[in-house]
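In: Coordinates only, no sequence provided:
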């Protein structure tokens, strides 16, 4: 006879892939419903949109179907609240510490066989229960959404985003910029935007409009030097708000300035904005391009199209015409080759680019015929050709 005890006993063998503890011990099993040979189990994920929810679901199905009396299994997914998540993490930490202590006190073990090779990373799919996308997020929208990503900070991703937006705008396109680098928001300064957010009669946020670009950023809501101290779920809410609660004009392109790395925002964009394409920004040195590969790996697993790679700070153009590779060479092309995409362009290292960003006057506005501006305009043309606009 199937009962709750036997169900929980079977689920002890299912471990959270990130916390490496039983989902029963972590209190992730919330509800068990038994209807003859059909068992329905509700699993509370530790974070909304957990990229490994498919693996958890598959493991639950596998273990429960080992019970002969069970012929059908349904897994529903919910999300822990903040207090529950802290408790789960605390339990996982305590279990790991206890295991570590036990290993230190145990006698040496005989050699074991080599571990099997790691399994292929799971594909990143839509959020559980995610409804159809709306507005600019919807496939039917004509707006081309492009995430500008980097593996690490300091490669000039935000500078590239601002100048690329202006280059696209000066080519006749209607362009918006969404500053989703929540912890390191800087687009307001890049564009010279000031003032707190204003709303229209429909209670929608009115974007800043500067240099022909519509822009939203956390800088509209907090002081420029104020730190944002948020946990992951709040970032997803801000992404949703920037799409649905902003009075965006009709746009041909929306560039999303993503935070560096492969954290919550990258996953949220991959899962909630399924049509979004990606541009990878790196500098020439190998350490930057290797880390940028991880951002591209997220896009590949989410089946997002990578338009190409932009190599920033590629060289210093010397007065006599030679190019001095201050940060080495080849990183951008290597990264592009790894994903079989084009190297869209190489942007030289010019002090005027940095000065323009500090003053809120991007170089594509103040000196459109500079070497850097030429590179940005060429990249914009290649992007337009790549997306068919």
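Out: Good, I have the coordinates. Bear in mind that the values here come from a model prediction, so they are computed numbers and not experimental data. Residues are numbered from 1 along each chain as shown.

In: what does stretch 177-185 contact?
Out: Applying Cβ atoms under 8 Å, 6 or more residues apart in numbering, the external contacts of stretch 177-185 come out as 153, 157-158, 161-162, 165, 186-188, 191, 213-219, 227-228, 230, 235, 238-239, 242-243, 254-260, 265, 269. The C-beta positions use only the backbone N, C-alpha and C, and glycine is treated the same way.

In: One more: stretch 23-38?
Out: With contacts defined as Cβ under 8 Å, 6+ apart, stretch 23-38 is touched by 2-4, 7-8, 11-12, 14-16, 19, 39-46, 56, 60, 69-74, 78, 80, 84, 87-88, 91-92, 95.

In: Emit the PyMOL select command for whichever of those are buried.
Out: To isolate in PyMOL the members of the contacts of stretch 23-38 that are buried, counting by 16 or more other Cβ atoms under 10 Å, one can use:
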select buried, resi 2+7+11+14+15+16+19+39+41+43+44+45+46+56+60+70+73+80+84+88+91+92+95
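
In: neighbours around the closest residue to residue 343 other than its chain neighbours, how many?
Out: Excluding its sequence neighbours, the residue lying closest to residue 343 (Cβ to Cβ, 6 or more residues apart in numbering) is residue 336, at 4.3 Å. Number of residues near residue 336 (other Cβ atoms under 10 Å) recorded here: 22.

In: which residues touch residue 336?
Out: 308, 309, 342, 343.

In: spatially speaking, which residue is in the middle of this structure?
Out: Central residue of the chain (Cα atoms, centre = their mean): residue 266, 0.5 Å from the mean position.

In: Doesn't it belong to a helix?
Out: Yes - under DSSP: H, G, I helix; E, B strand; the rest coil, residue 266 sits within a helix.

In: show me the contacts for it.
Out: Going by Cβ under 8 Å, 6+ apart, residue 266 touches 147, 149, 258, 259, 295, 298.

In: again, only using 7 Å
Out: 149, 258, 295, 298 (Cβ atoms under 7 Å, 6 or more residues apart in numbering).

In: Show me which pair in these is furthest apart.
Out: Within the contacts of residue 266, 258 and 298 form the most distant pair, 10.1 Å apart (Cβ to Cβ).

In: Between the two, which is the more surrounded one?
Out: residue 258 (28 against 22).

In: rewinding a little: give the PyMOL command for selecting the buried subset of the contacts of stretch 177-185.
Out: Listed next is the PyMOL selection for buried residues among the contacts of stretch 177-185, using 16+ other Cβ under 10 Å:
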select buried, resi 157+158+161+162+165+186+187+188+191+213+214+215+216+217+218+219+235+238+239+242+243+254+255+256+257+258+259+260+265+269
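
In: if we can go back for a sec, from the contacts of stretch 23-38, which ones fall inside strands?
Out: Applying DSSP state E to the contacts of stretch 23-38, the entries found in strands are 39, 40, 41, 42, 43, 44, 45, 72, 73, 74, 78.
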